[in-house]
Each structure stands twice: as structure tokens, then as C-alpha cells.
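>>> what's the 3D shape of this:
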Amino acid sequence: MNGNPYFLRDRELSPRGAQSRTRGRTLLVTGWALRLLGSALGVAALVIFRAVFNADRLPDGLTQPWWWLALLGSFALLYAAAFVFGAGRGLVVRGKRDTADLVEGFGQLTGTRYVLYLRPFSQDEDMARLPDDVTGGGGNEYFFLVSGLTHEEALVRRFRKLGRVIAIGMPGEPLPLPGAERAYLPLDDWKDTVSGLIGGAYVVLLSAGPGPGTVWEFTEAVRLLPPERLVLLTYCDPAAYDRFRAAVKEEYARRSRSEPGAPDTGHWPPLPELPDFPSPARPVRPRWEVWLNGGRKRLRWDFALKGLIVFSPRWDASFIRFDPTSLRLPSVVTPGRLVRRMLGPVMERLAALPDRS
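Below is the predicted model:
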């Protein structure tokens, strides 16, 4: 890759001119200050609430006006704390958009190790969201421990040890989203550049989706990449995943009949058979387990990233499902341990791959 003529020709596609690092840093500092203030107010509200329900004073306190005022005050303070904390989280994300790094030309990637993150642009809105509860679907008592990373930032944090994580930004977006470093291409002339990026990537992360662009990218990755360098991400539901599988078969049949195969052989590799979306290990829970977990909300909670598909050197596919129903007692820590345990061997295999020449 000696640069990207389309990128250089269409520099107005990049939102670099709309970014303001001064504004971004101000928003980051203000956001973090509000997060800390909200957490402190939340702790104060909980302390007041518990003091109001002190067992030694409760019988007499029920008849006293001060008791009811203190109770209502603790609730009002808790809601104010949640509002301040949430506003701070939003400002931090907005500040990150102003300070995000952009890829100004693909020539700068030459000789560097990078991970290419491909996804349907329609997923960007969901990937830019902040989680609204702690991992595992914990109760409201853990609200002030909720992650400040967007879903995309959480993904990038897991894979950035393999190299710079690069993504193509959505044309026309006013500012880049937090997470992968963005580069921008025109909508009508992108395939050659993306093909070059796929061919030079250390690893390609591709989020499954039935859109034509994503389907083309998957077949192009099959054409160009050694199988072990492709990781298919499943943020979608089983129905969308099945539509993706069907669309991939049609696109592969079309392209393999009319377009050149792999550069080194001239032939198309066999299309991998993508496995079925795994069913939950335990779709039905006994009543005692529902009661022990405080209701069905936590038991029905699921990861944003449902799982991933990895490939053997012969294109045999394995679906690694992050299945929260496999946990007997979900908590704020057990789902994270589950993901680390299942993702660990995959990361070790990816880290052991040789650098691309």
C-alpha cells in the first residue's frame, strides 16, 4: 500500500477540520469531574437512606416529619446523582470524538502492524452507545460502577495488543466515533482500498451483518487472507446472522464465477461453512435460581458481543459463544471472567501469528 489516491483526493470527507482538541479536552475534564461528583452524591444518598432506616430509630421515626423529609431527600439526591453521573459519561464520549486520532493517509500504515475492523455502518449507532448496566445485568445498586467505555471502545481495548485498530469511518459523519482509528473513503469508490487494507492486515475483525458491503468484505477476506487471520464478530441476533450466511453464499457463488481468485494461486479458496448460532445452554431456569438471582432480568441479560467465529488453517469454522446462561450465579464479575477465559486461547493464537511481509 503506497497511499490511497481516493483518500487524498477526497480529503473533505475527513472530519479533521471539525475537530477541536481544546474543546475535546475541556469536555473530557468536565465529564470526568461530573462523573466523580455524581458518584460522590450517590454515595451520600445511600448513606442518608441507610441512616434513615436505622433499626434503633425506625419505630419512632415513622411518625416524625424529619424522617419523611430525610427519606424523600435521599431519593432526590440519588436521582440528581444519577443525572450528573450520566451527563458526565456523555460529555466524556463527546470529548473523545474531538480528540480521536485519524488516519490521514494509508501510506503511514506501511510497515506497521494493524488490525482492520470492518462492520456495517448501520451498527455504528449501537456500537457508540454506553452500557446502561454493569456487566452481568446487575441491579441498580451498581449503577455508579457502570463502564465508561462505548461498546466499540471495549472491543478495541481487547484487540489493540495485536496492533493499531483501524476502521473506515462512515462518510459524512460530523466527528469520528470513539474506538478504532478512522480513515475515510467515498461511498462510490472504496473496494480497491479496502481490499488492499485486508491484504495487509495482521488480523481482520469483521462484524457479521447481511448488508452487501459487509458480505463483499467477508468474501474478499476469504479470497485474500490466511484463515487464521480472520475473526468474525457476532453483535447481531440469530436472524440477522442467518441472513448474513445466506447472503455470503450468494455473493461467493457470483464472485467465484466471474472474478480472479487468490493472488498467489489464482483460485478461490473453498467457502467456509459458517456454523449455526448456538442456542443458550440453559434457556429455562428453575424457580429457585430465578429467585436467588433477584428475578429474570439478570438471567435474560446477554453480552453486546454474542460471540465470535474463528477459522482453522483449512477454513473449518468454530463459533465461540459468550453464553451468560452457562453461569449459575451471574454477578458483576463472573461474566467478565467467562469472556476472558473463552477469549484467552484465541488471543494467544492470534498473538503467535508471524508479522505480515
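>>> Which parts of this protein belong to which domain?
11-99, 101-351 (automatic domain parsing).
>>> what ranges of the stretch 51-200 of the chain fall below the confidence cut-off?
54-64, 133-145 (pLDDT under 70).
>>> quick one, what contacts R314?
Residues near R314 by C-beta atoms under 8 Å, 6 or more residues apart in numbering: P227. No exception for glycine: its C-beta is placed from N, CA and C like everyone else's.
>>> And it, its phi and psi?
Backbone torsions for R314, taken as degrees, to the nearest 10, come to phi -110, psi 20.
>>> Tell me the pLDDT of it.
The model reports R314 with a pLDDT of 93.
>>> now the strands for the stretch 51-200 of the chain?
Shown for the stretch 51-200 of the chain, the strands assigned by DSSP state E, counting those that start in this stretch span residues 114-118, 164-169, 181-184.
>>> wait, isn't G31 in contact with G90?
Yes - using C-beta atoms under 8 Å, G31 is in contact with G90, at 7.3 Å.
>>> Among those two, which residue is more densely surrounded?
Between G31 and G90, counted using other C-beta atoms under 10 Å, the more crowded position is G31 (21 against 13).
>>> in which helix or strand would I find the more buried one?
helix 21-52 (DSSP states H and E).
>>> what's the nearest residue to W32 if we skip its chain neighbours?
Nearest residue to W32, sequence neighbours excluded (C-beta to C-beta, 6 or more residues apart in numbering): V92, at 6.3 Å.
>>> ignore the last one, L41
A81 (3.6 Å).
>>> and if you look at W216?
Once flanking residues are discounted, W216 sits nearest to E251: 6.2 Å by C-beta to C-beta, 6+ apart.
>>> hang on, P269 in a strand?
No - secondary structure of P269 (DSSP: H, G, I helix; E, B strand; the rest coil): coil, not part of a strand.
>>> what's the spacing between it and A45?
For P269, the distance to A45 equals 59 Å [C-beta to C-beta, to the nearest Å].
>>> what sits against the closest residue to R21 other than its chain neighbours?
Sequence neighbours aside, T99 is the residue nearest to R21 in space, at 5.5 Å (criterion: C-beta to C-beta, 6+ apart). If a contact means C-beta under 8 Å, 6+ apart, then T99 has Q19, R21, G24, R25, L28 as its contacts.
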